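# Sequence plus predicted model, see below.
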Amino acid sequence: MKKQLNLTVLVSSLAVGGAEQLLLMLLDNINRHRFAVRIVFLRSPGMVGNELMSCGDEIITNVLRSRFDPVGFFRLVHLFRSAPTDVLLLINHLNTLVYGVPAARIAGVPACVNWENETFKRYPFHPFTMFCRRLFHAGVDVVVAAANGHKHYIAEVEKIPLQKIEVIYNGVEPARFRSTLPPHEARERLGIPGTSPVVSILAVLRPDKAHEVFLDAAALIRQTLPDTHFLILGDGPQRLFLEQYAAARGLSGSVHFLGFQRELADILAAVDVNMLTSKPEQETLSVAAIEAMAAGIPIVCTDVGCMDEIVIQGVTGFRVPVGDVRALAGRALEILRNPEIKERMGAACKHLVEEKLSARQMTESFEDLFLRTYTRVVTRKRIPRHD
């Protein structure tokens, strides 16, 4: 076995989102004595990608000059050959499969891993796109799923053999989400009365996250607990629409749009309940929910993706049917009105993150996977065939 493996990470671009944060954590924690890392962007780095520029790794950007770029494909082949790659990690964008897999095989890259983080995504020309995904996955050695349910989804929908799929749970750095502030002080820093209940949602402001459902639930909660405040953490294309929606529901004074926040610990210290109101599209295992759980906050979420593997009914929170505003509000009120339930669930959330959903565990699992996959592939190629 080589003392240090050359790991190339191939991404399209890195905007703000859960999958992007996971990659940042992996690259922050990976053992640089065991892996020499190079990051290749097919397009521009994007907001999160720009954060990697100071990490000290070799970074190459804008390999593709257009959406369909044959020259860019050969440029990628040259990159894989000029600085040898032992393991190629694809971050599950469609163009990383289309360009990355054949380029890696032509260049002789030994091992290829694709990290998937989506379910129920609909593509333009969907049947044809899914056929292409299955075709290009033939050149992938291992597909990484975010949960056990996700593994079976990939096998059933993308027709990838189960034995090719491995589960590595999404992880976060627990210490990053724990504050020394008492709740009343954290609230006052946000301009909220220290004794007011607080409910949050952490999600990009786009249609599949269904923030309007969160706001409808907020209106119902305030009918019972009128001093409750609501934090919307995240930014995106729907911000203006949601600000107007909140105003139309009479919530302007109680809903706080905080935008994208990198440092969350002192904000989460103010929160009693965190919601996830997503539709089924794209949601798999919410990183934002895991971040709130790391802070000891119970979760009330729609029953989407594989959230049943971390939001355990009555233990770490509650799951409700998609779009059921009354159920969301009712479960949130159940926690807000019962401090002992909040404390018990919060402790269970912290324990689950420490035991199963930490960045350390996620990174060690990837390191082990890279080493095993490279060793298996190289060993298989060295074994002589007897026809």
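All right, it came through fine. Numbers count the residues shown, from 1 in each chain.
# Packing partners of the lowest-mean-pLDDT helix or strand in the chain?
One helix or strand of the chain scores below all others by mean pLDDT, DSSP states H and E: helix 46-51, with a mean of 74. In terms of contacts (3 or more C-beta pairs under 8 Å, 6 or more residues apart in numbering; DSSP states H and E), helix 46-51 is packed against helix 18-29. (C-beta placed from N, C-alpha, C; glycine too.)
# Measure how far the helix it packs on is from the centre of its chain, please.
Between the centre of helix 18-29 and the centre of its chain there are 9 Å (C-alpha atoms, centre = their mean, to the nearest Å).
# Quick check: what element follows that helix along the chain?
Sequence order places strand 35-41 as the next helix or strand after helix 18-29, per DSSP states H and E.
# Mind listing residues that contact that following strand?
Contacts made with strand 35-41 from outside it, assessed by C-beta atoms under 8 Å, 6 or more residues apart in numbering, are listed as 4-14, 27, 30, 49, 52, 57-63, 76, 79, 83, 85, 367, 370.
# swap the cut-off to 7 Å and go again
The contact list for strand 35-41, computed with C-beta atoms under 7 Å, 6 or more residues apart in numbering, reads 4-11, 13, 27, 30, 49, 52, 57-63, 79, 83.
# Return a PyMOL selection command for the buried portion of those residues.
This is how PyMOL selects the buried members of the contacts of strand 35-41, with burial counted by 16 or more other C-beta atoms under 10 Å:
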select buried, resi 5+6+7+8+9+10+11+13+27+30+49+52+57+59+60+61+63+79
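# follow-up on the earlier one: hey, C-alpha coordinates of the least confident helix or strand of the chain in PDB?
Below are the C-alpha coordinates for helix 46-51, written out as PDB (Å, rounded to 0.1, in the frame of the first residue of the first chain):
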ATOM      1  CA  GLY A  46     -19.100  29.400  -6.100                       C
ATOM      2  CA  MET A  47     -19.600  30.900  -2.700                       C
ATOM      3  CA  VAL A  48     -18.600  27.900  -0.600                       C
ATOM      4  CA  GLY A  49     -15.900  26.900  -3.100                       C
ATOM      5  CA  ASN A  50     -14.200  30.200  -2.600                       C
ATOM      6  CA  GLU A  51     -13.700  29.300   1.100                       C
END
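# buried set for that helix?
Under the neighbour-count criterion of 16+ other C-beta under 10 Å, helix 46-51 has 46, 48, 49, 51 buried.
# which residues touch the second one?
What that stands for is residue 48. Counting by C-beta under 7 Å, 6+ apart, residue 48 has contacts 14, 15, 16, 20, 24.
# same question, residue 186
179, 266, 269, 270.
# Taking these, tell me the two that lie furthest apart.
Between any two of the contacts of residue 186, the greatest separation by C-beta to C-beta is 8.9 Å, found for 179 and 270.
# who's more crowded, these two?
Legend: neighbour count by other C-beta atoms under 10 Å for residue 179 and residue 270, higher for residue 270 (24 against 17).
# and that one, backbone torsions?
phi -90, psi -10 (degrees, to the nearest 10).
# if we can go back for a sec, which of the contacts of strand 35-41 fall within strands?
Residues of those located in strands (DSSP state E): 5, 6, 7, 8, 9, 10, 11, 58, 59, 60.
# Identify the bridge partners of the fifth one.
This points to residue 9. Here residue 9 sits in beta bridges with residue 39, residue 89, going by DSSP bridges.
# likewise the last one?
Judged by DSSP bridges, the bridge partners of residue 60 are residue 40.
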